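Trainee: Provide a 3D model corresponding to the input given below.
(chains A, B, C and D)
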Protein chains: 2
Amino acid sequence: MQKDKRHRIMQAAEFLFGTKRVHEVTLEQVAQQADVGKGTIYLYFTDKEDLLFQTAVSGFDEMCQILREKAAQPGMFRERLLRTCAEIVEFFQVRRPLFRIVLSEGERVMESGGPGLRQRWRKRRQTMTEAVSELLEQGMAAGELRTDMPARVLAEYLLGLLRTRSWELEGWPESQRSHASVVDLFLRGATPSQAAPLSQQNERNH
Amino acid sequence: MQKDKRHRIMQAAEFLFGTKRVHEVTLEQVAQQADVGKGTIYLYFTDKEDLLFQTAVSGFDEMCQILREKAAQPGMFRERLLRTCAEIVEFFQVRRPLFRIVLSEGERVMESGGPGLRQRWRKRRQTMTEAVSELLEQGMAAGELRTDMPARVLAEYLLGLLRTRSWELEGWPESQRSHASVVDLFLRGATPSQAAPLSQQNERNH
DNA sequence: CACGACTGACTGACCAGTCAGTCAGTTCTT
DNA sequence: AAGAACTGACTGACTGGTCAGTCAGTCGTG
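Mentor: Predicted coordinates for the structure are as follows:
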């Protein structure tokens, strides 16, 4: 019961900060939810801001971890891509509050955090994008991906699509937003095709 | 000098709320920036929350307005699509703070706002997406877009890509994230093609 | 002067952060 | 083994500062 408390505090923070606005969350609530005295929070975190930032960062790291693991598993490019995206989607779903914190905190840090924070954050973000873009580079090498855009850029777009799937399209039937359909859209684009979805394309123009 | 003040207050709010966190923005600051007494704010808005919400909503409406205008202009599908996306990108750039508010406020409202607010917000959002998805439906009718996904869903993905372009890819050279390249990615996808980008596609498989 | 738009000093609520005190557990002493 | 002495993790009542929201008063205009 020691690192345990730290962990419980962060869990509570993850939930609360991900559910309400920062200033609507009282450290007393966090303490209560973590079943810990308010003062205890200050044993592990310097202040509210620190708690928030650490929560965001640790969630981010966790996600990178999972991502790298999945992306690194052996297999053909498309197979790995599909698996990785499935994992991302899963993570977004299960850890929704965390996801929210990472999104909004990231924005905030990049916009108005000190240069130190900004640097730290940028590094993490890069780590995450890299996990995906390394995968995409494999696809490029295999001739399965266009090479006229940097892998990093493509990775951002792919992540953007996944985020849209989980965020804006929340509530739509799963069948219309399966991770497979996102990957398909990413790979094939929005133009029609009479051929098998994942292996061929046809021409069609105005 | 009457509706003028209301407008000035909203301008100041747009800037401040879009730059800092909500609780870091003092109504005194807003008043100062708007060159108005603090009390005046309460003549036009019931409270801080109301000011924030109205600012977000009005910005949203403004964007819908512009979008509908652009999307409704005559022309071939691809041409119109390109023009509309250019407009969105432009708007995101020029009104960055507003854009931030809309993003985070939207999230917040949908997550924890009352059902009344949520309903109002959903309606606006729908209006916006519809402007795009009507355009996409034209593309479908012309056989230029896949029809196995609802136009609404495709519209969300397209907007997601544009958001990624403006947000995550901020700082990248304009040449690597032109709105044309986003549209190209959306239409053609990420698979390679030796032919002219916007009119033909080739097959290539693993 | 009458009316209403406007102002900004004021107040009460709220909350981050503190710190004096508690007590479970551990080590020392006999 | 018993209990005395100590430790430091933990707590929560308290404090000082901040700020949303108020309202008594000012100003400008008709």
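Trainee: list the buried residues for the longest helix anywhere in chain A?
Mentor: The helix that spans the most residues within chain A, counting by DSSP state H, is helix A:115-141. Neighbour counts over helix A:115-141 (16 or more other Cβ atoms under 10 Å in any protein chain shown) mark A:117, A:121, A:124-125, A:127-133, A:135-140 as buried. Quick note: C-beta positions are derived from backbone N, CA and C, even for glycine.
Trainee: relative orientation of the least confident helix or strand in chain A by mean pLDDT and helix B:96-112 in degrees?
Mentor: Lowest on mean pLDDT, DSSP states H and E among the helices and strands of chain A sits helix A:96-112, with a mean of 86. Angle of helix A:96-112 versus helix B:96-112, following axes from the mean of the first three to the mean of the last three Cα atoms, to 10 degrees, is 160 degrees.
Trainee: does DNA strand D have contacts with helix A:96-112?
Mentor: No. Helix A:96-112 stays clear of DNA strand D (Cβ under 7 Å from any atom of the strand), getting no nearer than 14.6 Å.
Trainee: which helices and strands sit right next to that helix?
Mentor: Applying 3 or more Cβ pairs under 8 Å, 6 or more residues apart in numbering or on different chains; DSSP states H and E, one finds that helix A:96-112 contacts helix A:3-17, helix A:48-72, helix A:115-141, helix B:96-112.
Trainee: I'd like to know which of those lies nearest to DNA strand C.
Mentor: helix A:48-72 (3.7 Å; Cβ to the nearest atom of the strand).
Trainee: ok, residue A:96 touching residue A:14?
Mentor: No. Applying Cβ atoms under 8 Å as the test, residue A:96 and residue A:14 come out as separate, 10.2 Å apart.
Trainee: burial count for the closest residue to residue A:15 other than its chain neighbours?
Mentor: Once flanking residues are discounted, residue A:15 sits nearest to residue A:97: 5.4 Å by Cβ to Cβ, 6 or more residues apart in numbering or on different chains. Counted by other Cβ atoms under 10 Å in any protein chain shown, the residues lying close to residue A:97 total 18.
Trainee: and chain A, what are its domains?
Mentor: Domains of chain A are assigned by automatic domain parsing as A:1-45, A:56-188.
Trainee: and these as JSON lines, adding distance to DNA strand C?
Mentor: Output for the domains of chain A, formatted as JSON lines (distance: least, Cβ to the nearest atom of the strand, whole Å):
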{"stretch": "domain A:1-45", "distance to DNA strand C": "3"}
{"stretch": "domain A:56-188", "distance to DNA strand C": "15"}
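Trainee: just put the ones you listed in TSV and tack on distance to residue B:21.
Mentor: Output for the domains of chain A, formatted as TSV (distance: least, Cβ to Cβ, whole Å):
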stretch	distance to residue B:21
domain A:1-45	6
domain A:56-188	6
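Trainee: contacting residues around the closest residue to residue A:35 other than its chain neighbours?
Mentor: Computed as Cβ to Cβ, 6+ apart, the closest residue to residue A:35 that is not its neighbour in sequence is residue A:8, at 6.8 Å. The contact partners of residue A:8, by Cβ atoms under 8 Å, 6 or more residues apart in numbering or on different chains, come to A:34, A:35, A:36.
Trainee: so how far is residue A:55 from residue A:8?
Mentor: Distance, residue A:8 to residue A:55, using Cβ to Cβ, to the nearest Å: 12 Å.
Trainee: residue A:104 too?
Mentor: Applying Cβ to Cβ, the value for residue A:104 to residue A:55 is 12 Å.
Trainee: higher neighbour count, those two?
Mentor: Set residue A:104 next to residue A:55 and count neighbours by other Cβ under 10 Å: residue A:55 wins out with 27 against 21.
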